[in-house]
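Asks: Pasted the sequence and its predicted model underneath.
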Amino acid sequence: MLILSASFWEVGSWCVVALWTVYLIMMIHGLRQRQVVSGTDKVVLPRGLPRVSVLVAGRNEEGCFELCLRSLLRQDYPNLEIIAINDRSTDATGEILDQLELEFSDQLQVIHIENLPSGWFGKTHAMHVGSQSASGDWLLYVDADCELQSDAGISLAVQEAQRRGADLVSLTPHFVLNTFWEHLTVPVCSSVMMVWFQPSRVNNPKLRTSYANGAFLMISRHSYDALGGWCRFRAQISEDIAMGRAAKSSGLKVVVLQNVGIYQTCMYESIRASWHGWSRIFYGALPRKALVLSVTRLILCSIIPTWALFGWLAVASWNGTVVSGWNGTLTATATAIVMQQIYMAMIFRVVGGRLLWSLTAPLGQLVSVGMLVRAILNHLGMATTQWSGAVFSRGQMITVPRPRVVSLPVHTRQAR
């Protein structure tokens, strides 16, 4: 049969090589066209600077909240207010924030949230509450596990917003990868997102592609109010992407820039956290069609060639011979894998991974396919996604987060 012949597999293998050639050309073109904001860029800000309110919300973030806030308190932007929101934490987060508020009473405002209204996610509710207290012309949302590396980070963001006439500016993350699972999954999963949310397409007002990253998202107060604020996205799994999508569809100018030396952040340290976290991101960010295409691309172009070659080499080593007629297939498969590794090495470098770890991409791709399949099953109603106390299926919330009251320590209440 044709499907079993060496010529069939050879043609298929060279088709994969052709696809990887296209992917590499697109990657190189994208890297050349990328719009970068670097921590070493020169800052030239005009007088009469707009006020910027930085809002950082977190729950049980005692290990990183202080580092994030201190990096914000070092910022050189002259017209700045910083608001930290403690969202029902049961660890030492509240005490840490109260101590920092005493230390920086003229720069930092701390808000403690004790309950979550029905129908809200904790993060969107916390950002909503913080935004009500903000006085800035611009609202900058930063995740609690971020650290600004440049003291001019906010100044550079404002400068870019003014220079580009943007209504919403978001900087892509640079990841801190410490654990094995972070090295294995973060770059590969990021590559899936980069395929669908290319900054060059997002920044083109003629295209519908939209994106925003909640780790560093800055929006003008006027645009925020016009969109309906976080109330509009109160129960969105990917509230940042939802806001970016709504902003662009409303005619606002959305700009996504690659961050180099502005800030760094962490993702999911364990396999369990990675599995649930990335499955949720894929489910919330990608429609079913994009999920199916991503799975197909990974399986046909990455997983099958890589593991087929490993299997072929294992059999050849065991038998000590190579079956004649399959040399062309073997050559094409090896070529495809080399091109894939070059592609992944570029991805690893962009997101902050080490080049040596790009050799683990075949394993990361297997895990990523599982995450994507789970997201597809969720859209079909055959699986559920759990996040922030809610359960989702078929794009609908089927279990609403329950209102929760947390009794804060007496001295924490008094500090407020």
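Replies: Thanks, I have it.

Asks: what packs against the helix or strand containing Arg280?
Replies: Following DSSP states H and E, one finds Arg280 within helix 271-285. Counting contacts by 3 or more Cβ pairs under 8 Å, 6 or more residues apart in numbering; DSSP states H and E, helix 271-285 is packed against helix 180-196, helix 239-249, helix 361-379, strand 385-387. Yep, even glycine has a C-beta here, placed from its N, CA and C like the rest.

Asks: Mind checking these for the one nearest to Val202?
Replies: Counting by Cβ to Cβ, Val202 lies closest to helix 239-249 out of these; the figure is 7.6 Å.

Asks: how about that closest one: buried residues?
Replies: By 16 or more other Cβ atoms under 10 Å, the buried positions in helix 239-249 come out as Glu239, Asp240, Ile241, Ala242, Met243, Gly244, Arg245, Ala246, Ala247, Lys248.

Asks: Is it possible to get JSON lines of the residues you listed that adds distance to Thr40 and pLDDT?
Replies: Compiled in JSON lines, these are given as follows (distance: Cβ to Cβ, whole Å; pLDDT from 0 to 100):
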{"residue": "Glu239", "distance to Thr40": "32", "pLDDT": "93"}
{"residue": "Asp240", "distance to Thr40": "27", "pLDDT": "95"}
{"residue": "Ile241", "distance to Thr40": "29", "pLDDT": "94"}
{"residue": "Ala242", "distance to Thr40": "33", "pLDDT": "95"}
{"residue": "Met243", "distance to Thr40": "29", "pLDDT": "97"}
{"residue": "Gly244", "distance to Thr40": "27", "pLDDT": "96"}
{"residue": "Arg245", "distance to Thr40": "32", "pLDDT": "95"}
{"residue": "Ala246", "distance to Thr40": "33", "pLDDT": "97"}
{"residue": "Ala247", "distance to Thr40": "29", "pLDDT": "97"}
{"residue": "Lys248", "distance to Thr40": "30", "pLDDT": "97"}
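
Asks: Let's have those in JSON lines, adding distance to Met27.
Replies: Output for the buried residues of helix 239-249, formatted as JSON lines (distance: Cβ to Cβ, whole Å):
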{"residue": "Glu239", "distance to Met27": "29"}
{"residue": "Asp240", "distance to Met27": "24"}
{"residue": "Ile241", "distance to Met27": "22"}
{"residue": "Ala242", "distance to Met27": "27"}
{"residue": "Met243", "distance to Met27": "28"}
{"residue": "Gly244", "distance to Met27": "23"}
{"residue": "Arg245", "distance to Met27": "25"}
{"residue": "Ala246", "distance to Met27": "29"}
{"residue": "Ala247", "distance to Met27": "27"}
{"residue": "Lys248", "distance to Met27": "24"}
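
Asks: biggest separation within these, which pair?
Replies: Farthest pair in the buried residues of helix 239-249, by Cβ to Cβ: Glu239 and Lys248, 15.2 Å.

Asks: Okay, now the unreliable bits of this structure?
Replies: Across the chain, the ranges flagged by pLDDT under 70 are 1-6, 310, 312-326, 386-416.

Asks: ranges for the strands of it?
Replies: 36-38, 52-58, 80-87, 108-113, 138-142, 146-148, 168-171, 216-220, 254-260, 263-265, 385-387, 390-393, 396-399 (DSSP state E).

Asks: Quick one: distance of the first one to the chain centre.
Replies: The one in question is strand 36-38. Centroid displacement of strand 36-38 relative to its chain, using Cα atoms, centre = their mean, to the nearest Å, is 17 Å.

Asks: ok, the closest residue to Arg374 other than its chain neighbours - contacts?
Replies: Nearest residue to Arg374, sequence neighbours excluded (Cβ to Cβ, 6 or more residues apart in numbering): Ser279, at 4.7 Å. Ser279 makes contact with Met371, Arg374, Ala375, Asn378, Thr385 under the criterion Cβ atoms under 8 Å, 6 or more residues apart in numbering.

Asks: out of these, who's nearest Arg272?
Replies: For the contacts of Ser279, the nearest to Arg272 is Met371 (12.2 Å; Cβ to Cβ).

Asks: which ones are touching the closest one?
Replies: Met371 sits next to Cys189, Trp275, Trp278, Ser279, Phe282 when contact means Cβ under 8 Å, 6+ apart.

Asks: ok, now with 6 Å
Replies: Going by Cβ atoms under 6 Å, 6 or more residues apart in numbering, Met371 touches Trp278, Ser279, Phe282.

Asks: of those residues, closest to Met346?
Replies: Trp278 (20.3 Å).

Asks: from the chain's centre, how far out does the helix holding Arg280 sit?
Replies: Using Cα atoms, centre = their mean, the offset of helix 271-285 from its chain centre is 11 Å.

Asks: In a markdown table: the helices and strands packed on helix 271-285, plus distance to Leu67.
Replies: As requested, the helices and strands packed on helix 271-285 are exported to a markdown table (distance: least, Cβ to Cβ, whole Å):
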| stretch | distance to Leu67 |
| --- | --- |
| helix 180-196 | 18 |
| helix 239-249 | 21 |
| helix 361-379 | 28 |
| strand 385-387 | 25 |
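
Asks: For Asp137, find the nearest of the ones you listed.
Replies: Shortest distance between Asp137 and those, using Cβ to Cβ, is found for helix 239-249: 16.6 Å.
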